[in-house]
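Asks: I would like the atomic coordinates for the input below:
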Amino acid sequence: MIGLILRRLLVGVFVLWGAVTLMFVLVRLAPGDPATLLLGPDASRADISALREQMGLNRPLPLQYLSYLGQLARFDFGRSYRFEAPAMQVVLSHVPATIDLTLTATLIAVILGLALGMLAGYRPESALDRVVSGLTILLQGMPTFWVGIMLILLFAATLRLLPSSGPGSPVHLVLPAVTLALPFTAIVARITRTSVASSMREPYVQTARSKGLTNVQVLTGHALRNSLVPVITIVGLQMGALLGGAVIVENVFAWPGLGSLMVDSVSYRDYAVVQATVALIAAIVVVLNLLVDVSYALVDPRIRTGARA
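Replies: Prediction:
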């Protein structure tokens with residue numbers, strides 16, 4: 001187990017290095033000058049040049065990169081010139097909103113996805129299975145931004161049951177969380193359906209039925225439990241993907257999380273905040289993947305995690 005964790009941490013270091021390096025290059029290749037955007041179109045050339053010198057933008061790109069890596073080694077993510085504060089401090093102030101949105105969406109997706117997947121997998125090729133399969137394809141095929149806009153028009157503008165945007169009470173979380181959860185629900189349902197359908201054909205299920213267990217006991221106590229490994233895998237991976245999907249959802253619903261912060265920071269060429277956001281998201285994804293690997297042994301003792309690559 002310790003060897004697995006150490007190997008995953010080593011891989012995680014390279015993932016983090018790749019993510020911050022890629023973002024370092026991309027933000028500097030984007031058109032637009034941060035100094036000009038910060039000072040405005042009426043600023044003089046001397047003022048713009050002085051700010052570029054202060055921000056280190058006049059130096060060659062390789063020197064900027066080496067300096068940036070040196071800062072990261074000291075856990076210094078730079079300073080946001082737009083907020084006039086340390087970049088990571090700005091990013092961390094937006095993390096709670098994204099965590100609330102992501103965890104709520106995950107909870108909705110797991111509950112609905114497991115329920116739909118179990119119903120469909122219990123009787124494969126039945127009418128219910130076909131309905132669930134068609135529904136999952138539909139949910140995965142609908143663009144997230146379009147779903148969000150349709151939910152706003154229906155529940156906020158027409159029925160006036162829910163607020164359309166912004167933070168506030170837990171009610172404000174409903175529409176963005178549901179929007180983010182729908183495609184995730186479809187993925188969990190499809191994986192659960194396939195795993196449960198396969199488990200229902202195993203001999204241990206027939207043995208459980210011969211012992212007089214009810215259908216619910218067979219489904220939840222035997223078939224579902226032995227189907228959880230692929231479900232846990234996809235949930236862990238998709239939670240990382242939700243952070244990327246939250247960029248769209250947070251902007252549609254004006255939710256003050258990492259997604260909205262990143263879009264605004266890209267617009268203002270606030271390099272430090274963009275890079276700090278990407279580094280934090282990459283670190284979260286690495287930790288989630290590590291937790292998924294470790295959880296295999298807890299769900300299914302037959303898996304020897306020490307032998308995993």
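
Asks: As a check, name the ranges of all helices in the stretch 201-309 of the chain.
Replies: 203-210, 215-218, 228-252, 258-267, 271-299 (DSSP state H, counting those that start in this stretch).

Asks: Of those helices, which is nearest Gly56?
Replies: Set against Gly56 and scored by Cβ to Cβ, these come closest in helix 271-299, at 9.8 Å. Using the backbone N, CA and C atoms, a C-beta is placed for each residue, glycine as well.

Asks: In contact with Ala254, which residues?
Replies: Neighbouring residues of Ala254 by Cβ atoms under 8 Å, 6 or more residues apart in numbering: Ser165, Gly166, Ser260.

Asks: mind running it again at 7 Å?
Replies: Ser165, Gly166 (Cβ atoms under 7 Å, 6 or more residues apart in numbering).

Asks: and what of Ala177?
Replies: Contacts of Ala177 by Cβ under 7 Å, 6+ apart are Leu101, Thr104, Ala105, Ile108.

Asks: and the residue lying closest to Leu161 once chain neighbours are set aside, what is it in contact with?
Replies: Nearest non-adjacent residue to Leu161, counting by Cβ to Cβ, 6 or more residues apart in numbering: Phe155, 5.1 Å away. Phe155 is in contact with Leu161, Leu162, Leu175, counting by Cβ under 7 Å, 6+ apart.

Asks: Which among those residues count as buried?
Replies: Leu162, Leu175 (16 or more other Cβ atoms under 10 Å).

Asks: With pLDDT, secondary structure and distance to Pro256 added, can I get the contacts of Phe155 in TSV?
Replies: Converted to TSV, these look like this (pLDDT from 0 to 100; DSSP: H, G, I helix; E, B strand; the rest coil; distance: Cβ to Cβ, whole Å):
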residue	pLDDT	secondary structure	distance to Pro256
Leu161	90	coil	22
Leu162	90	coil	18
Leu175	93	helix	15
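
Asks: could I get the contacts of Phe155 as CSV with distance to Arg193?
Replies: Converted to CSV, these look like this (distance: Cβ to Cβ, whole Å):
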residue, distance to Arg193
Leu161, 31
Leu162, 30
Leu175, 27
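
Asks: just to revisit the earlier point, turn the helices of the stretch 201-309 of the chain into CSV, columns for mean pLDDT, distance to Gly113 and mean neighbour count.
Replies: Listed next are those as CSV, based on pLDDT from 0 to 100; distance: least, Cβ to Cβ, whole Å; neighbours: other Cβ atoms under 10 Å:
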stretch, mean pLDDT, distance to Gly113, mean neighbour count
helix 203-210, 71, 21, 12
helix 215-218, 70, 18, 14
helix 228-252, 80, 8, 19
helix 258-267, 87, 23, 21
helix 271-299, 81, 16, 20
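
Asks: Redo these as JSON lines? Include distance to Ala87.
Replies: Shown next, in JSON lines, are those (distance: least, Cβ to Cβ, whole Å):
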{"stretch": "helix 203-210", "distance to Ala87": "54"}
{"stretch": "helix 215-218", "distance to Ala87": "52"}
{"stretch": "helix 228-252", "distance to Ala87": "18"}
{"stretch": "helix 258-267", "distance to Ala87": "9"}
{"stretch": "helix 271-299", "distance to Ala87": "4"}
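
Asks: Tell me which of those helices sits nearest to Met88.
Replies: Across those, closest to Met88 is helix 271-299 (Cβ to Cβ), at 4.8 Å.

Asks: got the angle for that closest one vs helix 258-267?
Replies: 150 degrees (axes from the mean of the first three to the mean of the last three Cα atoms, to 10 degrees).

Asks: Which elements pack onto helix 271-299?
Replies: helix 2-29, strand 79-80, helix 87-122, helix 228-252, helix 258-267 (3 or more Cβ pairs under 7 Å, 6 or more residues apart in numbering; DSSP states H and E).

Asks: With just CA atoms, put stretch 91-111 into CSV.
Replies: The C-alpha coordinates for stretch 91-111 follow below in CSV (Å, rounded to 0.1, in the frame of the first residue of the first chain):
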residue,chain,number,x,y,z
VAL,A,91,-7.7,31.4,-5.6
LEU,A,92,-8.4,29.9,-2.1
SER,A,93,-11.0,32.5,-1.4
HIS,A,94,-13.0,31.1,-4.3
VAL,A,95,-12.5,27.4,-3.5
PRO,A,96,-15.4,27.0,-1.0
ALA,A,97,-18.0,28.0,-3.7
THR,A,98,-16.6,25.5,-6.1
ILE,A,99,-16.4,22.8,-3.5
ASP,A,100,-20.0,23.4,-2.5
LEU,A,101,-21.1,23.1,-6.2
THR,A,102,-18.9,20.1,-7.0
LEU,A,103,-19.9,18.0,-3.9
THR,A,104,-23.6,18.8,-4.3
ALA,A,105,-23.4,17.8,-8.0
THR,A,106,-21.5,14.6,-7.1
LEU,A,107,-24.0,13.7,-4.5
ILE,A,108,-26.9,14.2,-6.9
ALA,A,109,-25.2,12.2,-9.7
VAL,A,110,-24.2,9.3,-7.5
ILE,A,111,-27.6,8.9,-5.9
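
Asks: With that, I have no additional questions.
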